[in-house]
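**Student:** Next one to model:
(2 chains)
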Amino acid sequence: MDTQQQLDEFQKRIDNGETIEPKDWMPERYRKQLIRMMSQHAHSEIVGMLPEGNWITRAPSLKRKMVLLAKVQDEAGHGLYLYSATETLGAERRELVEDYLYGNAKYSSIFNYPTLTYADICVIGWLVDGAAIVNQTMLAKSSYGPYARANLRICKEESFHKKQGYEMLAKMADGTPEQQRMAQDAVNRWWWPTLMMFGPHDSDSPNSAELIKWAVKTKTNDELRQHFVDRMVMEAEAIGISLPDPNLKYNEETGHWDFGDIPWDEFWSVVKGDGPMNRERMRARRKAYEDGEWVREAAMEYARKKKLREGKAS
Amino acid sequence: MNKKNQKTEWPLWEVFYQPKDGKPFEHAGSVHAPDAEMALQNARDTYARRNEGIAFWVVPSDQIVASTPEDVGPFFDPANDKPYRHPQFYSVPRAVKKRK
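**Tutor:** Got it, this is the predicted structure:
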């Protein structure tokens, strides 16, 4: 049981801006919340390979194919950094993965949308990775050391992801009328789901206040979302893309862009499993995990026999 | 059927990398692998996709021995009362001090 004195001392360390390391004392709830949040982040990176992987074989040129391959491989790497960081809290990799494949663990809803054309790949880089950077830049200052360091590593790679997407989108927006239509259509479909990536409004986000108190997060969902919108309005304008929100308007008083109501009904229905691709994503992930089992087993067996042989030889 | 606890889990390895020639090794994170050879390969694919390292160490995680935060006071306090181990403890003639 955590005593009040322990909790107070812990809070004092947090308020001093100290970093919490794996072997330090921490409240049970801090540990639980981190495992939930970090593993959810890891699952998202891994499932995020599916919508983009869908287009690797059909990328329009060898260059774009190499870029997309490298990006999707990075997403796998990001998932691994995060699983590795989560394991420092005493969670087991297999348990985390199975809780997601057969249990209740969640992943970001954005990956439950389909990638219908190649323009979606451009827009995922620009919007989805752009939103992820905003979030992860904050998390790179998180109070839990291993999580902060994993996010720092991720941020360094994520800017390539965003830039390649933005560059491609700019090309399409400057292309033939058909390419322009494709680009705009993809932006129209991804804009609102991307804004939902930051999570519910602060007033509907039960975990937010606690995570901020513990400096796991340092900004609220709405603050991050606003920061993102302000930046994207400028970037969209620069390449002649319009954002599908008639209520977007610069607010002289706040210095920010006001935007329309986010369709939260859609968000909650996707979170509950009814998005366009939820079932397909889970099917693909379970299949990969189960089809890989014989490989993991065989590699263990090979390692065991090799050790035996080396033992005999010496 | 309950799928939990039926799948194989490869052992955990801690990964250390040397960022550049002449630099000390740093902790990067961890990987799972069935043996040392694959641990090295996985470490490369996970932590050096952009030449972040020129050399790696991998160590089975259960072989690492670490000091504990609870003992941090008594463990390190032998160093606390020995200012004479630092150059600032000593004085030198003014004339010499000025010359850097």
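**Student:** CA only for contacts and neighbour counts going forward, please
**Tutor:** Will do.
**Student:** Now do the SS call for A:Gly125.
**Tutor:** helix (DSSP: H, G, I helix; E, B strand; the rest coil).
**Student:** tell me which parts of the stretch 101-250 of chain A are close to chain B?
**Tutor:** Residues of the stretch 101-250 of chain A lying close to chain B (C-alpha under 8 Å from any C-alpha of the partner chain) are A:Tyr102.
**Student:** Would you mind identifying the helix or strand in chain B with the lowest mean pLDDT?
**Tutor:** helix B:94-98 (a mean of 82; mean pLDDT, DSSP states H and E).
**Student:** now that one: how far from the chain's centre is it?
**Tutor:** On the basis of C-alpha atoms, centre = their mean, to the nearest Å, helix B:94-98 sits 40 Å off its chain's mean C-alpha point.
**Student:** buried set for that helix?
**Tutor:** Residues of helix B:94-98 include none that count as buried (16 or more other C-alpha atoms under 10 Å in any protein chain shown).
**Student:** can you list the residues that contact it?
**Tutor:** Counting by C-alpha atoms under 8 Å, 6 or more residues apart in numbering or on different chains, helix B:94-98 makes contact with no residue outside itself.
**Student:** Strands of chain B, residue ranges please.
**Tutor:** Here chain B has its strands, by DSSP state E, at B:12-18, B:26-32, B:55-60.
**Student:** same question for the last one, mean pLDDT?
**Tutor:** Right, the one you point to is strand B:55-60. Confidence over strand B:55-60 (mean pLDDT, whole number) is 97.
**Student:** Strand partners (parallel or antiparallel) of it?
**Tutor:** strand B:12-18 (antiparallel) (DSSP bridges).
**Student:** just to revisit the earlier point, just the CA trace of the least confident helix or strand of chain B, in CSV.
**Tutor:** This file holds the C-alpha atoms of helix B:94-98, laid out as CSV (Å, rounded to 0.1, in the frame of the first residue of the first chain):
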residue,chain,number,x,y,z
ARG,B,94,48.3,34.1,-8.0
ALA,B,95,50.9,34.5,-10.7
VAL,B,96,50.5,30.9,-11.8
LYS,B,97,46.7,31.1,-11.5
LYS,B,98,46.4,33.9,-14.1
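**Student:** where's the residue nearest the centre of chain B relative to chain A, distance?
**Tutor:** Nearest to the mean C-alpha position of chain B, counting by C-alpha atoms, centre = their mean, stands B:His27 at 4.1 Å. Relative to chain A, B:His27 is positioned 11 Å away (C-alpha to the nearest C-alpha, to the nearest Å).
**Student:** Please tabulate the strands of chain B in JSON lines and include distance to A:Thr194 as additional columns.
**Tutor:** Output for the strands of chain B, formatted as JSON lines (distance: least, C-alpha to C-alpha, whole Å):
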{"stretch": "strand B:12-18", "distance to A:Thr194": "35"}
{"stretch": "strand B:26-32", "distance to A:Thr194": "30"}
{"stretch": "strand B:55-60", "distance to A:Thr194": "38"}
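**Student:** out of those strands, nearest to A:Asn54?
**Tutor:** With C-alpha to C-alpha, the closest approach to A:Asn54 among the strands of chain B belongs to strand B:26-32: 26.8 Å.
**Student:** Remind me what that closest one packs against, helices and strands.
**Tutor:** Applying 3 or more C-alpha pairs under 8 Å, 6 or more residues apart in numbering or on different chains; DSSP states H and E, one finds that strand B:26-32 makes contact with helix A:62-87, strand B:12-18, helix B:36-47.
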